[in-house]
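> need coordinates for the following:
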Amino acid sequence: MSKSSYLMLGAGGHAAVLADILCSQGKELVGVVAPEVVAGHGIFTGVRHFDSDDAVLDFNPKDVLLVNGIGAMPRQSLRRLLYNRYRDLGYSFATIVADSAIVSEHAVLEAGAQVMQNAVINIGSRIGENSIVNTSATVEHDCDISEHCHIAPGVTLSGQVVLEKCVHIATGASIINNVTIGAETIIGVGANVTHSIPSRKVVYGAKSFCKGADGEY
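Numbering: from 1, shown residues only. The predicted structure follows:
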């Protein structure tokens, strides 16, 4: 077994899409680790199934790259916890880029970043560890995306947007240039964000109605 072998964590929809990308690129998927396979049964046919997270420890960290197939949902920490656990044990996570994605040679993708089909990442942008740029999302020039963020399908980040850690940008949201989104904030489906948002807020609606611990505005 070589370091070009991949071990999938999770077997839901996000894992199935990642497996599909890997298989289309001729990558070897040596196993899937999940209590059960709940999506993408075709793509996992013939792939060895392990139903306990401890099965990962049977693989030498020098021999495999882990793929974080746990989907990213607001306020759910399993994806981040698994990433940190196995990273601290010496495992490396694969950086995945779909063939149809457009990524500038002058962008930076950190360990475990995932760039899905038809996503665009332009010059000067950084995608942090374990973050997802999902299908058909656009990250314009000089954006800085911290670790454990999720940019959902169809999102647009204009230039020089900053996402602090663990931010969730839901499907179809748009954020104008020079805006910072604070850590653990959720931007709702279809929201239009025209100003910076503090940490741990929830933003929704075309006029960016904001709700959080300090009240609404």
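> where are the low-confidence patches of this protein?
Along the chain, the parts satisfying pLDDT under 70 run over 1-3, 206-217.
> any chance you could map the helices in it?
Along the chain, the stretches classed as helices by DSSP state H are 13-24, 41-44, 78-88.
> any chance of the ones you listed in CSV, plus distance to Gly205 and mean neighbour count?
All C-beta spots, glycine's among them, are computed from the backbone N, C-alpha and C. Output for the helices of the chain, formatted as CSV (distance: least, Cβ to Cβ, whole Å; neighbours: other Cβ atoms under 10 Å):
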stretch, distance to Gly205, mean neighbour count
helix 13-24, 27, 20
helix 41-44, 37, 16
helix 78-88, 27, 17
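> quick one: closest of those helices to Ser104.
helix 13-24 (19.3 Å; Cβ to Cβ).
> give me the contact list for that closest one.
Identification of contacts with helix 13-24 by Cβ atoms under 8 Å, 6 or more residues apart in numbering yields 6, 8-9, 29, 32, 34, 39-40, 43-44, 47, 67, 69-72, 96, 98-99, 114, 116-117, 132.
> at 6 Å instead, please
Helix 13-24 has contacts (Cβ atoms under 6 Å, 6 or more residues apart in numbering) with Tyr6, Met8, Leu29, Ala39, Gly40, Ile43, Val67, Gly69, Gly71, Ile96, Ala98.
> distance of the nearest residue to the fifth one once chain neighbours are set aside relative to Ile102?
Yep, that's Gly40 we're talking about. Excluding the flanking residues, the one nearest Gly40 by Cβ to Cβ, 6 or more residues apart in numbering is Ala16, at 2.4 Å. Computed as Cβ to Cβ, to the nearest Å, the Ala16 to Ile102 distance reads 23 Å.
> for Leu18, same thing?
Leu18 sits 18 Å away from Ile102, going by Cβ to Cβ.
> who does the residue nearest to the spatial centre of the chain form a beta bridge with?
Centroid-nearest residue in the chain, with Cα atoms, centre = their mean: Ile132, separated by 1.9 Å. As for beta bridges, Ile132 partners with Gln114, His150 under DSSP bridges.
> isn't Ala173 up against Ile186?
No. Ala173 lies out of contact with Ile186 (Cβ atoms under 6 Å); the separation is 9.9 Å.
> so what's Val193 bridging to?
Ile175.
> measure it to Ile96 for me?
Taking Cβ to Cβ, one finds Val193 at 27 Å from Ile96.
> same deal with Ala39?
For Ala39 relative to Ile96 (Cβ to Cβ), the value is 17 Å.
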